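In: whatever this is, show me its structure:
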Amino acid sequence: MSTPVSSPRSPDPEQRQPILSLRAVDRLFSGAKALDDVSLDIQEGEFVAIVGPSGSGKSTLLNILGLLDTPTRGVYLIDGADVQGLNQKQRAQRRADVFGFVFQESHMVGRDAAARNAVLGLRARGIGIGVQKQLVIPALARFGLAGRAAIPAALLSGGERQRLAIARAVMGTPRVVLADEPTGSLDTANGEIVIHHLRELSDSGTTVAMVTHDPDIAKAADRIITMRDGAIVKDTGEHRNRLVIPKDSVPVRGKDKPTFVRHRRHEAADVIADALSALTVRPAKALLLIMAFLLGSGGLVAAIGLSESASVKVSARIDAAARDEVRVTREGGYASWEAVRNDLQASAGLFGVHDAGVIAELSSSVVQPSTFRPATFPEQPIFNGAVRVVDSAYLRLQGATVSFGDAALLDQSFGGPVAILGREAADQLGAAKPGPGVVVWLYGQPVPVVGIIDDPGRDPVLPAAVLVGIGSYPSASNVAASLVLRTTPGMPAAIAEALPKALQPSDPGNVKVQTVADLRELRQGINSDLGRLVAIVSVVLLAMACLSAGTTMYLGVLTRSSEIALRLALGMRRGVLASMFVTEGAVVGALGGAAGAAVGMGAVLAYASSQGWASAIPWYASLWGVGAGLASGILSAVYPAVLAMQSNPAQLIRA
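Out: Got it, this is the predicted structure:
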């Protein structure tokens, strides 16, 4: 490759302090020396080429010069000041103020336009949009890219991307441009253009240090440093003094140099813009993340709404029953159904009692309700509903309605048991409509179905229950029956006090009375337990969303390693870089939370409507959904953000 020829130099007797100076520098990696006792001075305005075979330490030397890496031993001075004591924030600021970088692969943010890539160094330093607009077009025009300003970097040719990298490197008027194999991935023609631009930078007063393996490329420099096995083995001269450069050809420096002041508000605005850009350029990934948080937050909102709606429904039923219902049982049960009828008759005669009914639970595993004669089929489905003994008064005082039959048949079945089925029990047992020959098998015997319960009223168990009348089956042991009394509103407490003496004056303690008002304390416990269950389910859903989103974002950090290295090299502070990934997580989390809140509330409204409930969605449910999504998004991004913040830019660039 032919290369531009450097202009002749005339001696300058004045000794100047070098801009970059290394003294006895070593750099070890896993015990092996990448640099071995390197001492080097580079003067301001000098064009230095560093050559040597692969593995000779050229790139390591360049990374240490650019503050991307630190020496294991030795001293590094910039303008005579030792940089060893600088912390990460100070190193980032010094790197941004002094250096511009040109890498072999150009390291563009492919989704962004050429102009946005050109000002990446300014954005990384928190420089305002006004300064960026002022500088970007002249810089692009200088390198022949003004017409490509709006083109995404991924669509530029290799030569255009490398020229764009030089434009980005000089955008903040750096004092030193470090170029690592800037022509390594280019053809001859584009390589010559890049070297020509670097030569122009040097001629205008910018210090250039270039790593190359091509001796022809190195000839364009003022000075050639040859490395082997981590040591400098040849140097064509510590400094070839430059010709006096006309004042108007030197970039503005000192008092006239543009002032680049880092502002946190500009950093924050750029972080938000970059986070949104990263999400919009990968819509499928963003949508998957949003869906993950939608499921978690939507489940939370739906669970809150359903628990509140169910609580309201339960409370309404308890409150309705508490005004006019009393239940009576005997200690140890009743000896016979006749004893049950005697207590029922005595209770119904009390002042303030309007109606009285009976209910007793039977074991479905003993009764074994079935559609077919037992043993007809070896694998008949097991009935999972309730089996109850009731009278017509119980259904009446519960407000239940029976179709295709008469509830009074439970009281008088003309010598044999009959059954009334809840709608769900009828579906399970295959008895959709009573009629001649429609039976269910109870205790191994066929029992005619004489009615279907359409509306269970107050009793939510009735839809899945099989009901038979009092006395349908003789009692083999004490009957665990309960009397259910409907009273004048406000009378349950008085009646509960009178019942034991009325039913058994000699031993009133044998009569156990319970008003539904006693369940009000239980209601609070039920609501608390339900809320705790809801919280556990919601936490599990959100944890799954965090895990899936965190994994996706972790993989995103790995695929964006070159972008991370570039931002750190250009002076972005590590905390600001981490906040960019946290912002991405926060955005998708908040969007997923908002969508989940809407979906969750819609699910509650639909379910409540289908059940005939009055939906009760707390005002804070949507805020919980959005907040949970936001918090989960931030949490899922913490580890990827820390991983990005702790990245070593020199290692990422080498990779």
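In: tell me the helix or strand right after the host helix or strand of residue 541.
Out: Using DSSP states H and E, the element containing residue 541 is helix 519-559. Later in the chain than helix 519-559, the nearest helix or strand by DSSP H and E is helix 561-569.
In: by contact count, what packs against that following helix?
Out: Here helix 561-569 touches helix 120-124, helix 574-611, helix 649-654, going by 3 or more CB pairs under 8 Å, 6 or more residues apart in numbering; DSSP states H and E. (Each C-beta comes from the backbone N, C-alpha and C, glycine too.)
In: need the winner for burial among those helices.
Out: Most buried of these, by mean neighbour count (mean count of other CB atoms under 10 Å): helix 120-124, with a mean of 25.
In: and the next helix or strand after it, what other elements does it pack with?
Out: Counting by DSSP H and E, the next helix or strand C-terminal to helix 120-124 is helix 129-142. Judged by 3+ CB pairs under 8 Å, 6+ apart, helix 129-142 is in contact with helix 114-118, helix 120-124, helix 158-170.
In: any idea how far helix 129-142 is from the chain center?
Out: Taking CA atoms, centre = their mean, to the nearest Å, the mean C-alpha location of helix 129-142 is offset from the chain mean by 38 Å.
In: can you tell which of the helices and strands packed on helix 129-142 is closest to residue 642?
Out: helix 120-124 (19.2 Å; CB to CB).
In: in terms of pLDDT, where does residue 119 sit?
Out: Residue 119 is assigned 86 on the pLDDT scale.
In: how about the helices and strands packed on helix 129-142, which one is nearest residue 326?
Out: Of these, the one closest to residue 326 (CB to CB) turns out to be helix 120-124, at 76.3 Å.
In: got a list of contacts for the closest one?
Out: Outside helix 120-124, the residues within contact range by CB atoms under 8 Å, 6 or more residues apart in numbering are 96, 100, 109, 112, 131-132, 135, 168-169, 171-172, 260, 266, 270, 274, 566-567, 570-572.
In: sorry, back to before: could you save the helices and strands packed on helix 561-569 as CSV and add columns showing distance to residue 87?
Out: Compiled in CSV, the helices and strands packed on helix 561-569 are given as follows (distance: least, CB to CB, whole Å):
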stretch, distance to residue 87
helix 120-124, 18
helix 574-611, 11
helix 649-654, 16
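In: show me what counts as buried in the helix or strand hosting residue 217.
Out: Per DSSP H and E, residue 217 falls inside helix 215-218. For helix 215-218, the neighbour count (16 or more other CB atoms under 10 Å) marks 217-218 as buried.
In: I'd like to know which elements that helix is packed against.
Out: The contact analysis (3+ CB pairs under 8 Å, 6+ apart) places helix 215-218 against strand 47-51.
In: can you tell me what sits against the strand it packs on?
Out: 6, 42, 58, 61-62, 198-199, 202, 207-215, 217-227.
In: check the offset of that strand from the chain's centre.
Out: On CA atoms, centre = their mean, the centre of strand 47-51 falls 48 Å from that of its chain.
In: using PDB, list the CA coordinates for it.
Out: Only the C-alpha atoms of strand 47-51 are listed here, as PDB (Å, rounded to 0.1, in the frame of the first residue of the first chain):
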ATOM      1  CA  PHE A  47       2.700  11.200  15.000                       C
ATOM      2  CA  VAL A  48       4.000   7.900  16.500                       C
ATOM      3  CA  ALA A  49       3.500   4.500  14.900                       C
ATOM      4  CA  ILE A  50       3.900   1.400  17.200                       C
ATOM      5  CA  VAL A  51       4.700  -1.700  15.300                       C
END
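In: can you list the strands that it pairs with?
Out: Partner strands and pairing direction for strand 47-51 (DSSP bridges) are strand 207-211 (parallel), strand 223-228 (parallel).
In: so what touches the first one?
Out: The one in question is strand 207-211. For strand 207-211, the external contacting residues (CB under 8 Å, 6+ apart) are 19-20, 42-51, 58-59, 61-62, 65, 175-182, 198, 201-202, 217-218, 221.
In: that one - what's its average pLDDT?
Out: 92.
In: where does the stretch 151-300 of the chain dip in pLDDT?
Out: 238-262 (pLDDT under 70).
In: likewise the stretch 351-500 of the chain?
Out: Where the stretch 351-500 of the chain drops to pLDDT under 70, the residues are 413-414, 475-476.
In: identify whichever of the helices and strands packed on helix 129-142 lies nearest to residue 488.
Out: Taking CB to CB, helix 120-124 is the member of the helices and strands packed on helix 129-142 nearest to residue 488, at 78.8 Å.
In: return the distance of the closest one from the chain's centre.
Out: A distance of 29 Å separates the centroid of the chain from that of helix 120-124, by CA atoms, centre = their mean.
In: grab the CA positions of it and hand them over as CSV.
Out: Provided in CSV are the C-alpha atoms of helix 120-124 (Å, rounded to 0.1, in the frame of the first residue of the first chain):
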residue,chain,number,x,y,z
LEU,A,120,-21.3,9.8,21.2
GLY,A,121,-18.1,11.1,22.9
LEU,A,122,-19.9,14.4,23.7
ARG,A,123,-23.0,12.6,24.9
ALA,A,124,-20.9,10.3,27.1
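In: nearest residue to residue 110 in space, please, no chain neighbours.
Out: Leaving aside its sequence neighbours, residue 110 sits nearest to residue 154 (CB to CB, 6 or more residues apart in numbering; 3.3 Å).
In: that older thread, is it possible to export the strands paired with strand 47-51 to CSV including distance to residue 560?
Out: CSV is the format used below for those (distance: least, CB to CB, whole Å):
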stretch, distance to residue 560
strand 207-211, 25
strand 223-228, 32
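In: isn't residue 71 up against residue 65?
Out: No. The criterion here is CB atoms under 8 Å, and residue 71 misses it with residue 65 at 10.5 Å.
In: joint contacts of the two?
Out: Common contact partners of residue 71 and residue 65 (CB under 8 Å, 6+ apart): residue 22.
In: ok, those two, which is more surrounded?
Out: Remark: of residue 71 and residue 65, residue 65 carries more neighbours, 23 against 20, as counted by other CB atoms under 10 Å.
In: I'd say the more buried one and residue 21 touch.
Out: No. Contact between residue 65 and residue 21 fails when scored by CB under 8 Å: they sit 10.1 Å apart.
In: list residues touching both of the two?
Out: Residues touching both residue 65 and residue 21 (CB under 8 Å, 6+ apart): 42, 76.
In: ok so, going back, and residue 586, which of the strands paired with strand 47-51 is closest to it?
Out: Taking CB to CB as the criterion, residue 586 comes closest to strand 207-211 out of the strands paired with strand 47-51, the separation being 39.8 Å.
In: one step back: wait, which of the helices and strands packed on helix 129-142 is closest to residue 421?
Out: Closest among the helices and strands packed on helix 129-142, using CB to CB: helix 114-118, at 71.7 Å.
In: quick one, helices of the stretch 151-300 of the chain?
Out: Remark: helices assigned in the stretch 151-300 of the chain by DSSP state H, counting those that start in this stretch are 158-170, 188-203, 215-218, 264-280, 283-322.
In: would you turn these into a markdown table with distance to residue 643?
Out: Below are those laid out as a markdown table (distance: least, CB to CB, whole Å):
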| stretch | distance to residue 643 |
| --- | --- |
| helix 158-170 | 25 |
| helix 188-203 | 33 |
| helix 215-218 | 36 |
| helix 264-280 | 16 |
| helix 283-322 | 17 |
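In: out of the ones you listed, which is the most enclosed?
Out: Taking mean count of other CB under 10 Å, helix 158-170 is the most buried of these, at a mean of 24.
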